[in-house]
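[1] Next comes the sequence, and after it the predicted model I'd like to discuss.
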Amino acid sequence: MKSIYYPANERGHNDIGWLKANFSFSFGPYYNPDKVHFGVLRVLNDDIIAGGTGFGTHPHDNMEIITIPISGALEHKDSIGSVGVIHAGEVQVMSAGSGVTHSEYNHSKTEAANTLQIWLFPKERNIKPRYDQKSFTDVLKLNELTTLISPDKNADTLWINQDAVFSMGDFEPGQSINYDIKIPGNGVYIFVIEGAAEISQHTLNKRDALGVYDTSSLTIETSAKSRLLLMEIPML
């Protein structure tokens, strides 16, 4: 097993008043040649968006874009006719494909929203743009990982144009989570949304991450009440 440690306090930052962003990988004003991507994972932005503000209409192409609200809600509108609100407990996916424009605004006029925006390089380029979202509030179970995203169109998950599997779970202290790689050759980027965990002799705290590859399985030990996001992705 090989691993790369991504401590939260080494992320890039940008504060422009209405938006306070933390960048796990090079993005916008932040560039670090050692942190451009992990496998096909290109962007992991931890955004706090002030009430009544958001991202105006802007373009994307050939990127798989996943939005996971941690708190609050976002309004979404795009050029393919999708309009909706995504709340904490839901996940949104957008295949930018051959090209799409969209906007994202905090649904609240007064309360800040905290969201994770994640970009993956696509498996196939220039596909027809698509949008989907799903609530997982009824299926998330304490001390279990729940699959959110997969490349299986027939599964009860969100489909993505990449051989990637995203899982999330809330865990009590003292839990041991064994994770088997679903697609041989993939790596896993483990992101601690809340809490603390031990992985491969690394201690991870809130917003720390560990990229693991060249292995078929891994074990995570929680040392506090924790919320974990596991992103299993192809390695480039």
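    That came through fine.

[2] Now Ser205: closest residue in space, sequence neighbours ignored.
    Careful, residue 205 is Asn; it's not Ser. Closest residue to Asn205 apart from its sequence neighbours, by Cβ to Cβ, 6 or more residues apart in numbering: Ala196 at 5.0 Å. All C-beta atoms are positioned from the backbone trio N, CA, C, and that covers glycine.

[3] Distance of that neighbour relative to Pro173?
    Between Ala196 and Pro173 the computed distance is 9 Å (Cβ to Cβ, to the nearest Å).

[4] So between those two, which is more surrounded?
    Ranked by neighbour count (other Cβ atoms under 10 Å), Ala196 and Pro173 place Ala196 first, with 17 against 13.

[5] Could you verify my assumption that the more buried one touches Ile220?
    No - when contacts are counted by Cβ atoms under 8 Å, Ala196 is not listed as touching Ile220 (10.7 Å).

[6] Now do the phi/psi pair for the residue nearest to Asn205.
    For Ala196, the backbone dihedrals (degrees, to the nearest 10) come out as phi -160, psi 150.

[7] Tell me who's in contact with it.
    For Ala196, the contacting residues are 203-206, 222-224, 226, by Cβ atoms under 8 Å, 6 or more residues apart in numbering.

[8] nearest residue to the residue nearest the centre of the chain other than its sequence neighbours?
    Nearest to the mean C-alpha position of the chain, counting by Cα atoms, centre = their mean, stands Ile118 at 4.4 Å. Among residues not flanking Ile118 along the chain, Ile66 sits closest, at 4.3 Å (Cβ to Cβ, 6+ apart).

[9] Give me the next element, helix or strand, following the strand or helix carrying that neighbour.
    Secondary structure from DSSP states H and E places Ile66 in strand 64-71. Counting by DSSP H and E, the next helix or strand C-terminal to strand 64-71 is strand 73-78.

[10] coming back round to it: what's the closest of the contacts of Ala196 to Ala73?
    Set against Ala73, the nearest of the contacts of Ala196 by Cβ to Cβ is Lys206 (22.0 Å).

[11] Thought Ser95 was touching the residue nearest to Ile118, still the case?
    No - counting by Cβ under 8 Å, Ser95 is not a contact partner of Ile66; they are 10.3 Å apart.

[12] quick one: common contacting residues for the two?
    Listed as contacting both Ile66 and Ser95 by Cβ under 8 Å, 6+ apart are Ile160.

[13] now the residue nearest to Asn205: how far from Lys206?
    Separation of Ala196 from Lys206 (Cβ to Cβ) stands at 7 Å.

[14] which neighbours do these two share?
    With Cβ under 8 Å, 6+ apart, Ala196 and Lys206 have no common neighbours.

[15] Could you check how many residues crowd around the nearest residue to Ser217 once chain neighbours are set aside?
    Spatial nearest neighbour of Ser217, chain neighbours left out: Asp180 (4.8 Å); criterion: Cβ to Cβ, 6+ apart. Per other Cβ under 10 Å, the neighbour tally for Asp180 reads 9.

[16] Fine, thanks again, bye for now.
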